[in-house]
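# Sequence and predicted structure, then a few things I'm wondering about:
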Amino acid sequence: MECCTAFLHFCRLTGLDRYLRRQTELHFVARDGRVNRFRSVPLPAPLHLLPALGRLSWLSRSQRREIRRGLMALARDRQAAHTQHSFAHWLQSHGQSPETVEHFWNLVLVSALSETPDRIAVRYARKVFLDGFLSNASAWRVHIPTVPLGELYGSRLANWFAEHGISVRLQCRVAELRESDDGGCDVVLVDGEIVRADRVILAVPHHLVSALVPDSLKQHPAVRNLESIETAPISSVHLWFDRPITSLPHAVFVDRMSQWLFNRDLLCDTDRHNRGYYVQVVISASRQLTGESRDDIVQAVLRDLGEVWPATRAATVLHSRVVTEHRAVFSVTPGIDALRPRQTALVEGTTGETFGRAACYLAGDWTATGWPSTMESAVRSGFLAAEAVLASCDRPQRIMPPEHPGSLLFRLLFGRKGQSETPAEPVP
């Protein structure tokens with residue numbers, strides 16, 4: 001989304017932005033198959049999406065009123081960063097009916113956070129709606145890659161690194177970090193090779209950190225707390241048909257197991273290679289699929305597609321693939337901010353140990369960025385870690401780009417992004 005300013009800055013910096021296609025409208029497909037084209041009007045935020053909200057066919061008039069009241073209350077709730085209640089509790093206490101929660105709040109949040117409102121901290125639900133939809137008129141627009149992600153973050157990014165003298169080593173697994181005899185840091189690879197470093201930025205999934213850091217850091221609060229961070233799965237169903245099933249480039253499904261569809265033939269600048277017409281269906285927070293067979297998942301998705309687009313029933317599936325990332329994202333549960341460490345150096349343990357003269361920094365979307373588990377959070381963590389390293393070298397530099405400013409009207413109504421409070425202090 002365009003509210004992801006650090007990620008889009010990174011893409012512009014590395015030239016990846018040429019492979020992103022901006023969507024000027026979102027296509028919500030109601031249970032009856034009706035396509036709702038969600039687009040903004042030339043009004044200042046937060047008024048720019050009000051007409052689009054009023055046209056959503058599956059919502060009743062009373063539900064739209066509930067949603068408008070709920071959004072206003074959420075923008076005004078400056079204590080959201082401190083409450084330990086779930087967003088489901090917040091919704092109930094602010095007059096949102098179960099039907100409205102299911103057909104609006106849940107629809108948006110499961111896609112954005114891969115969690116249901118009963119497992120989401122109010123702070124992060126609020127961030128989705130304020131940063132993504134209410135504060136800036138262009139922030140809601142989505143950018144979709146036109147090349148496969150493996151290519152986007154693989155060869156194309158590697159080429160940019162090579163052009164700038166940056167060495168990238170793939171298929172080169174790290175076994176551990178170890179303090180060297182001279183007080184530096186040894187990065188020990190699984191094949192026994194040792195790479196010497198003065199500073200290391202450890203940017204791995206949070207559940208792998210403890211196994212890699214030196215013994216002197218395993219009991220550091222920032223490392224120990226990572227064991228308490230929960231995760232959520234995301235499943236992706238890839239289908240190749242013998243004919244097109246829709247002319248939409250993407251679709252957001254309402255009240256179905258399938259959540260998002262990406263029409264890769266229309267979005268990607270690649271040939272089909274005679275494999276058929278390719279669509280991808282994404283299912284976030286896909287715990288309900290645990291234990292289901294690949295065929296059962298594919299058939300359930302095909303039923304969803306067939307009910308929306310009857311042409312699907314006449315099409316032949318040439319090939320299918322189901323991929324589930326069981327730890328796709330960390331869960332933004334109440335209290336999560338106290339578990340997310342900063343990107344500053346891990347130089348002190350619980351008993352005052354130091355990691356020699358070397359320094360180990362943490363990066364990853366799960367570190368303290370103020371963002372949920374997204375590419376935006378990942379890029380922000382890298383920028384913040386780089387700033388910390390430069391500061392330790394007496395070369396302080398600001399790398400993080402500015403965020404989207406809220407519109408003048410939004411700031412007059414709710415203050416700067418509607419926020420004046422900070423979340424729980426992360427572990428240094």
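Looks like it arrived, so ask away. Residues are numbered from 1 along each chain as shown.
# Kindly report the domain assignment for the chain.
With domains defined by automatic domain parsing, the chain comprises 5-143, 169-229+333-397, 231-330.
# What average pLDDT does the longest strand anywhere in the chain get?
Ranked by number of residues, the top strand in the chain under DSSP state E is strand 317-330. For strand 317-330, the mean per-residue pLDDT is 95.
# Need the contact partners of that strand.
Strand 317-330 has contacts (C-beta atoms under 8 Å, 6 or more residues apart in numbering) with 113-114, 205-207, 229-242, 275-276, 286, 289, 294, 297-298, 302, 336, 365-366, 372-373. Any C-beta I mention is one placed from the backbone N, CA and C, and that applies to glycine too.
# So what's the residue count around Pro334?
Neighbours of Pro334 under the rule other C-beta atoms under 10 Å: 17.
# what about it, which SS state?
Three-state assignment for Pro334 (DSSP: H, G, I helix; E, B strand; the rest coil): coil.
# Next up, the contacts around it.
Contacts of Pro334 by C-beta under 8 Å, 6+ apart are Thr83, Gln84, His85, Ser86, Ala121, Val122.
# Convert the C-alpha atoms of the worst-scoring helix or strand of the chain on mean pLDDT to CSV, please.
Here the helix or strand of the chain ranked lowest by mean pLDDT, DSSP states H and E is helix 264-267, holding a mean of 80. Output in CSV follows, covering the C-alpha atoms of helix 264-267 (Å, rounded to 0.1, in the frame of the first residue of the first chain):
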residue,chain,number,x,y,z
ARG,A,264,-1.2,-13.3,-12.7
ASP,A,265,-1.7,-13.4,-16.4
LEU,A,266,-3.1,-9.8,-16.3
LEU,A,267,-0.7,-8.6,-13.6
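# that older thread, now, which of the contacts of Pro334 lie within strands?
Using DSSP E, none of the contacts of Pro334 sit in strands.
# now, which of the residues you listed sits nearest Arg156?
Ala121 (35.2 Å; C-beta to C-beta).
# Report how many residues lie close to that closest one.
28.
# Then Trp160?
Look at Trp160: counted by other C-beta under 10 Å, it has 13 neighbours.
# so it is in which element?
Trp160 is part of helix 155-163 when elements are defined by DSSP states H and E.
# And for Phe28?
strand 26-29.
# Neighbouring strands of the following helix or strand past that strand in the sheet, and parallel or not?
Proceeding N to C from strand 26-29, the next assigned helix or strand is strand 35-38, under DSSP H and E. When pairs are called by DSSP bridges, strand 35-38 turns out to pair with strand 26-29 (antiparallel).
# Identify the residues contacting the partner strand?
35-39, 56, 140, 142, 248-254, 308.
# Tell me, how many residues neighbour Ser62?
With other C-beta under 10 Å as criterion, Ser62 counts 11.
# Ok, Gln288 next?
Neighbour count for Gln288, taken as other C-beta under 10 Å: 12.
# For it, which non-adjacent residue is closest in space?
Of all residues not flanking Gln288 in the chain, Met257 sits nearest, at 7.5 Å (C-beta to C-beta, 6 or more residues apart in numbering).
# Look up which helix or strand that neighbour falls in, please.
Going by DSSP H and E, Met257 is not in any helix or strand.
# residues contacting it?
Met257 sits next to Ile283, Gln288, Ala300, Val301, Asp304 when contact means C-beta under 8 Å, 6+ apart.
# Those in strands, which ones?
Cross-referencing the contacts of Met257 against strands under DSSP E gives Ile283.
# Mind listing what's buried along the least confident helix or strand of the chain?
Within helix 264-267, the residues that count as buried by 16 or more other C-beta atoms under 10 Å are Arg264, Asp265, Leu266, Leu267.
# How much space separates the first one from Pro148?
Spelled out, that is Arg264. Distance check for Arg264 against Pro148: by C-beta to C-beta, to the nearest Å, it reads 8 Å.
# now do the third one
Between Leu266 and Pro148 the distance is 15 Å, computed by C-beta to C-beta.
# tell me the angle of the longest helix seen in the chain relative to strand 317-330?
Among all segments of the chain classified by DSSP state H, the helix with the greatest residue count is helix 375-392. Put simply, helix 375-392 runs at 40 degrees to strand 317-330, going by axes from the mean of the first three to the mean of the last three C-alpha atoms, to 10 degrees.
# on that earlier part again, quick one: buried ones out of the contacts of Met257?
If we count by 16+ other C-beta under 10 Å, the contacts of Met257 have these buried: Ile283, Ala300, Val301, Asp304.
# JSON lines for these, including distance to Glu325 and pLDDT?
Formatted as JSON lines, these follow (distance: C-beta to C-beta, whole Å; pLDDT from 0 to 100):
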{"residue": "Ile283", "distance to Glu325": "11", "pLDDT": "97"}
{"residue": "Ala300", "distance to Glu325": "19", "pLDDT": "97"}
{"residue": "Val301", "distance to Glu325": "17", "pLDDT": "97"}
{"residue": "Asp304", "distance to Glu325": "21", "pLDDT": "96"}
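# Return the closest of those residues with respect to Arg224.
For the buried ones among the contacts of Met257, the minimum distance to Arg224 (C-beta to C-beta) is 32.9 Å, reached by Ile283.
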